[in-house]
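**Student:** take a look and give me a structure for this.
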Amino acid sequence: MHTKRIIPCLDVKEGKVVKGVNFVGLKEVGDPVELARQYYEQGADEIVFLDISATNEGRKTMADVARKVAKVIFIPFTIGGGIRTIDDIRALLRAGADKVSLNSAAVRDPQLIKEGAEIFGSQCIVAAIDARRRADDSGWNVVINGGRIDTGIDLLEWVTTVTRLGAGEILLTSMDADGTKQGFDLPMLQAVNKIIDVPLIASGGCGSIEHIYDVLNKDAHAADAALAASIFHYGEHTVGEVKTYLSAHGIPVRMKVSA
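**Tutor:** Modelled structure (predicted):
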């Protein structure tokens, strides 16, 4: 049985980790390298860094973060945000990132996923997708620019496209749930998980250990991994506490081996 992954997410702006609701009302919560080290020591399976500055200067900052992080953690980590070209991907992978996540740029130029997968391998390319439920409740649309622009693209159609192009993993964020701490968007995740054969990371809405259990338990058929930020950044729970709870409730996780 495959173990479920717990993945802390660090939103980085101008070199500092921040957190808000629906990407607004941002508060600084720490240094990305130090937080990554703490989460690694707690037993995180992977870490995701998202550059929400999404500027050329931000990409340079993230490459610097990648170089520093690669020296202090020994688990895979992903960097996303503002990546627009193959050269951007190459620079971050060379700096030490194991994967890159492509979001708005992939919507504007889907060939970026295809070229990235062909050059660096599908395992390096994560399709990060933000989606919001349509007003008529008929499904979900892909949104970009931090949820500010509705592309009109149907979520399930887009998921099918990115996996066909070579994305090795999907990082799916519910913009309806993001930052609310009311739980993951299970109906959306289940709809996507049903049609893909690559791993799915659930993102948006985690506010408790119970929410992580809800999205990862085998009866939910919702996700292979859970991404969370607030419950870790604000010290509500450690990664180890989450994994101990999940293991006790029958969810297979990789427990940290004591030295």
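
**Student:** identify each buried residue in whatever helix or strand residue 35 lives in, please.
**Tutor:** Assigned by DSSP states H and E, residue 35 belongs to helix 32-42. For helix 32-42, the neighbour count (16 or more other Cβ atoms under 10 Å) marks 32, 33, 35, 36, 37, 38, 39, 40, 42 as buried. For glycine as for every other residue, the C-beta is placed from the backbone atoms N, C-alpha and C.

**Student:** so where is the chain shaky, pLDDT-wise?
**Tutor:** For the chain, residues meeting the criterion pLDDT under 70 lie at 1, 20-27, 54-59, 257-259.

**Student:** can you tell me the centre-most residue of it?
**Tutor:** The residue lying closest to the centre of the chain (Cα atoms, centre = their mean) is residue 171, at 4.9 Å.

**Student:** name the residues that touch the one helix or strand that one maps to?
**Tutor:** Per DSSP H and E, residue 171 falls inside strand 169-174. Applying Cβ atoms under 8 Å, 6 or more residues apart in numbering, the contact partners of strand 169-174 are 48, 78, 80, 99, 101, 123, 125-132, 159, 162-163, 184-185, 188-189, 192, 196, 198-205, 227.

**Student:** still on that earlier bit, partners of the residue nearest to the centre of the chain in the sheet?
**Tutor:** residue 128, residue 201 (DSSP bridges).

**Student:** that older thread, buried subset of the contacts of strand 169-174, written for PyMOL?
**Tutor:** Selection of buried members from the contacts of strand 169-174 for PyMOL, criterion 16+ other Cβ under 10 Å:
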select buried, resi 48+78+80+99+101+125+126+127+128+129+130+131+132+159+162+163+184+185+188+189+192+196+198+199+200+201+202+203+204+205+227
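
**Student:** after the longest helix along the chain, next one along is what?
**Tutor:** Assignment by DSSP state H gives helix 56-70 as the longest helix of the chain. Following helix 56-70 in sequence order, the next helix or strand is strand 77-80 (DSSP H and E).

**Student:** please save the CA atoms from the next helix or strand after that next one in PDB.
**Tutor:** From strand 77-80 onward toward the C-terminus, using DSSP H and E, the following helix or strand is helix 86-95. Output of helix 86-95 as PDB, limited to C-alpha atoms (Å, rounded to 0.1, in the frame of the first residue of the first chain):
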ATOM      1  CA  ILE A  86      12.400  26.300 -19.900                       C
ATOM      2  CA  ASP A  87      15.400  28.400 -18.700                       C
ATOM      3  CA  ASP A  88      13.400  29.300 -15.500                       C
ATOM      4  CA  ILE A  89      12.800  25.600 -14.900                       C
ATOM      5  CA  ARG A  90      16.500  24.700 -15.600                       C
ATOM      6  CA  ALA A  91      17.700  27.400 -13.200                       C
ATOM      7  CA  LEU A  92      15.600  26.200 -10.300                       C
ATOM      8  CA  LEU A  93      16.500  22.500 -10.800                       C
ATOM      9  CA  ARG A  94      20.200  23.400 -11.100                       C
ATOM     10  CA  ALA A  95      19.900  25.400  -7.900                       C
END
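
**Student:** right, I'll call it a day here.
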